[in-house]
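Below is the structure, and that's it, no one-letter string:
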């Protein structure tokens, strides 16, 4: 999305700024990320520094209301097209009323992300963990960890499955699609460029 000129806010407690920049630069033709002095990498870094449409935020702690407040501020300056949250279970729920269980917290976080998407009119992509049951076979909606609210609130739920540990192929299972059909897509993981491509 960012490479097409869309304005993206990437919120992560899981990755560092250097890791995200590295992932973006893997799309530079001929770039070798093992060599930071590689001309393609340096050229990519120079171009990336001049862009203002990829906004990274890497807090040590973040709440659902923190994300809401920052997204609103940035959206007022220039509309956001996409907000990526990596990942939902690392976000904390705050606000009025104490939540007794983690399930209730996740429900609150999911509701806030839905509010952001509707209020700002932009897409919100939230990465979420699956519970241990997903390791026993093909993942399903019921494997979304800690709360059924994620399934209920999401317009689309896509699950990644690696049926064969020896191969780089994955199945992308569209398990829910509020505005279209469900589907299974075969993907191949390109380790050098750190991206998935449709088979």
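Nice, I can see it. Since we're looking at a predicted model, the values are computed, not measured.

which parts of stretch 156-170 are buried?
For stretch 156-170, a neighbour-count test (16 or more other C-beta atoms under 10 Å) marks 157, 159, 161, 170 as buried. Bear in mind the C-beta positions are built from the backbone N, C-alpha and C, glycine included.

all strands for the chain, in order.
8-12, 54-57, 82-86, 123-126, 156-161, 169-177, 183-190, 195-198 (DSSP state E).

okay, the ones you listed in JSON lines with distance to residue 71 and mean pLDDT next?
Below are those laid out as JSON lines (distance: least, C-beta to C-beta, whole Å; pLDDT from 0 to 100):
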{"stretch": "strand 8-12", "distance to residue 71": "6", "mean pLDDT": "92"}
{"stretch": "strand 54-57", "distance to residue 71": "10", "mean pLDDT": "86"}
{"stretch": "strand 82-86", "distance to residue 71": "6", "mean pLDDT": "94"}
{"stretch": "strand 123-126", "distance to residue 71": "9", "mean pLDDT": "95"}
{"stretch": "strand 156-161", "distance to residue 71": "19", "mean pLDDT": "90"}
{"stretch": "strand 169-177", "distance to residue 71": "24", "mean pLDDT": "90"}
{"stretch": "strand 183-190", "distance to residue 71": "29", "mean pLDDT": "86"}
{"stretch": "strand 195-198", "distance to residue 71": "25", "mean pLDDT": "82"}
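
between the ones you listed, which gets nearest to residue 21?
Smallest distance to residue 21 across the strands of the chain (C-beta to C-beta): 8.1 Å, for strand 54-57.

Tell me where the longest helix sits in this protein.
Longest helix in the chain, counting residues (DSSP state H): helix 102-120.

angle of that helix against strand 82-86?
160 degrees (axes from the mean of the first three to the mean of the last three C-alpha atoms, to 10 degrees).

Can you find the helix or strand in this structure with the smallest mean pLDDT?
Ranking every helix and strand in the chain by mean pLDDT, DSSP states H and E puts helix 39-50 at the bottom, with a mean of 61.
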